[in-house]
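In: All I have is the shape, not the residue letters:
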């Protein structure tokens, strides 16, 4: 634990701001930070594995990719309302619906392709915040 003297505490207290412009910048930065947590390099690797020109993931990989997409969907549900205006109702409904699907093994390949496309449509709407 670190002790803070009264002088240091007084100096730190005077450094805060409550004006709307400063708070807006801080809020924007926090939202971008949340987007970066949700949109990882692993997600882009999985999207490439599913949607890439030469993609053909192994059946074992498809389940792992779908699980990763479901985790991403949960994060998107949390952050998209703050990052995309107006709220993309149709796109979010689609990604949530696909996330809830658990197809039989012979249909998993098509499922992860649909899932990847649904996530990609949200990322496109997020624009620069997704990178």
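Out: Ah, there it is. Note that the coordinates shown come from a computational prediction; the quantities given were computed from them, not determined experimentally.
In: Average pLDDT for the helix or strand in which residue 43 is found, rounded please.
Out: Using DSSP states H and E, residue 43 sits within helix 41-51. Mean pLDDT, helix 41-51: 93.
In: Could you list the buried residues of the following helix or strand past that helix?
Out: For helix 41-51, the following helix or strand on the C-terminal side (DSSP H and E) is helix 59-83. Buried residues in helix 59-83, counted by 16 or more other Cβ atoms under 10 Å: 62, 65-66, 68-70, 72-73, 75-76, 79-80, 83. The way it works is simple: take the backbone N, C-alpha and C, and place the C-beta from them, glycine included.
In: quick check, nearest of these to residue 5?
Out: Minimum distance to residue 5 across the buried residues of helix 59-83 is 39.4 Å, recorded for residue 79 (Cβ to Cβ).
In: Need the pLDDT of the residue nearest to that closest one when sequence neighbours are not counted.
Out: Leaving aside its chain neighbours, residue 79 sits nearest to residue 34 (4.8 Å; criterion: Cβ to Cβ, 6 or more residues apart in numbering). Listed pLDDT for residue 34 reads 71.
In: Any figure for the gap between residue 34 and residue 120?
Out: Distance from residue 34 to residue 120, counting by Cβ to Cβ, to the nearest Å: 19 Å.
In: At the geometric centre of this structure, which residue sits there?
Out: residue 38 (3.1 Å; Cα atoms, centre = their mean).
In: Now do the same contact list for it.
Out: 72, 75-76, 78-79 (Cβ atoms under 8 Å, 6 or more residues apart in numbering).
In: swap in residue 105?
Out: residue 59.
In: where does it sit relative to residue 122, distance-wise?
Out: Plainly put, residue 105 is 27 Å away from residue 122 if you go by Cβ to Cβ.
In: What of residue 21?
Out: Distance, residue 21 to residue 122, by Cβ to Cβ: 29 Å.
In: So between these two, which is more surrounded?
Out: Legend: neighbour count by other Cβ atoms under 10 Å for residue 21 and residue 122, higher for residue 122 (24 against 8).
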